[in-house]
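> Predicted model, plus sequence, below.
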Amino acid sequence: RVVGNTSLRLSFGCGGFIICNVAVHPDWQGRGIGRRLIEAALEDIAARGGRWVGLELQADNEAARRLYESLRFREVGSTLHMLRPAGLSWAGEPLSHPLLRRGRSGDSAALVALAYANATDLQRPLLELRREDYRPGWEGALDHWLEGRREAWWVIEEDGTICGAVRALREVGDRLDRLEVLVAPEHEGRFETVLVQRGIASLRSVRKRMVETLLPRPAPPLVAALKAAGFQELCVLIQMRLDLV
């Protein structure tokens, strides 16, 4: 009888592994099975030459946190997950702003830098921020269109510098639509409402689907702008990491 399992996979680059899932049947919990599963995963990762291991857990899961800390994992960041329920009416016309424009292909490097600025150095590999996800313009739009998805990028540019951006991704099937809002830390509190409204407007659909967003740096102005647009806090996930070499 299988009473517990764990799964792992290679991280996106960076020479690490991600532990994706640890589960023990309720009737068998408290017997050290979870610890042995993690130890077995770590042994396997070491044998494969992994340099580090990462995982996520809900912030309120104190038992799991104590287990991982006893195995020398340490917290490297956290993310706030928010959802906009399906069926909400869409807001009116989004706010206009003289610095707001459509994203274009030449913005890619600046958008990657903006995403990196919103996560810690050790947290980024666990979040698996990929450069190809920050590719506005016709090439990225075409790739998504061929998959049945729709993507829109809007940026705030001031004096030649991109200070904020929003990515609206309309998914296919049962997947949740996604909104990603990025604001440079030094411009916090200036552009959040404009970006959130523009992103929501880009996701308007007769289906009024649920929309998710993930905040590696949940600054109060951004959280407030998202709540004003109908988003609700779902959970906080803690990212933890163990260096093997």
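Okay, I see it.

> Which residue ranges of this protein form strands?
4-10, 16-24, 52-58, 74-84, 100-102, 150-158, 161-170, 177-183, 211-215, 232-243 (DSSP state E).

> Please render these as JSON lines that adds mean neighbour count, mean pLDDT and distance to Arg65 to the earlier fields.
From N, CA and C alone the C-beta is placed, and that goes for glycine too. Formatted as JSON lines, the strands of the chain follow (neighbours: other CB atoms under 10 Å; pLDDT from 0 to 100; distance: least, CB to CB, whole Å):
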{"stretch": "strand 4-10", "mean neighbour count": "15", "mean pLDDT": "95", "distance to Arg65": "16"}
{"stretch": "strand 16-24", "mean neighbour count": "19", "mean pLDDT": "93", "distance to Arg65": "12"}
{"stretch": "strand 52-58", "mean neighbour count": "20", "mean pLDDT": "96", "distance to Arg65": "6"}
{"stretch": "strand 74-84", "mean neighbour count": "18", "mean pLDDT": "97", "distance to Arg65": "8"}
{"stretch": "strand 100-102", "mean neighbour count": "14", "mean pLDDT": "96", "distance to Arg65": "41"}
{"stretch": "strand 150-158", "mean neighbour count": "21", "mean pLDDT": "95", "distance to Arg65": "36"}
{"stretch": "strand 161-170", "mean neighbour count": "22", "mean pLDDT": "96", "distance to Arg65": "31"}
{"stretch": "strand 177-183", "mean neighbour count": "23", "mean pLDDT": "96", "distance to Arg65": "27"}
{"stretch": "strand 211-215", "mean neighbour count": "21", "mean pLDDT": "96", "distance to Arg65": "20"}
{"stretch": "strand 232-243", "mean neighbour count": "17", "mean pLDDT": "97", "distance to Arg65": "7"}
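
> In a markdown table, list these along with distance to Gly32.
Putting the strands of the chain into a markdown table (distance: least, CB to CB, whole Å) gives the following:
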| stretch | distance to Gly32 |
| --- | --- |
| strand 4-10 | 10 |
| strand 16-24 | 10 |
| strand 52-58 | 18 |
| strand 74-84 | 22 |
| strand 100-102 | 55 |
| strand 150-158 | 46 |
| strand 161-170 | 42 |
| strand 177-183 | 38 |
| strand 211-215 | 33 |
| strand 232-243 | 19 |
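
> Which among the ones you listed is found nearest to Ile45?
With respect to Ile45, and counting by CB to CB, the nearest of the strands of the chain is strand 16-24 at 4.7 Å.

> tell me which strands and helices that closest one is in contact with?
If you count contacts as 3 or more CB pairs under 8 Å, 6 or more residues apart in numbering; DSSP states H and E, strand 16-24 packs onto strand 4-10, helix 33-47, strand 52-58.

> Output those in JSON lines; the columns should cover distance to Leu179.
Shown next, in JSON lines, are the helices and strands packed on strand 16-24 (distance: least, CB to CB, whole Å):
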{"stretch": "strand 4-10", "distance to Leu179": "26"}
{"stretch": "helix 33-47", "distance to Leu179": "33"}
{"stretch": "strand 52-58", "distance to Leu179": "20"}
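
> who are the neighbours in contact with the residue nearest to Gly4 when sequence neighbours are not counted?
With sequence-adjacent residues excluded and distances taken as CB to CB, 6 or more residues apart in numbering, Gly4 is closest to Val24, at 4.0 Å. Neighbour list for Val24: Val3, Gly4, Ile33, Gly34, Leu37 [criterion: CB atoms under 8 Å, 6 or more residues apart in numbering].

> burial of the fourth one, as a residue count?
To tie it back to what came earlier, the one meant is Gly34. Gly34 sits with 20 neighbouring residues when counted by other CB atoms under 10 Å.
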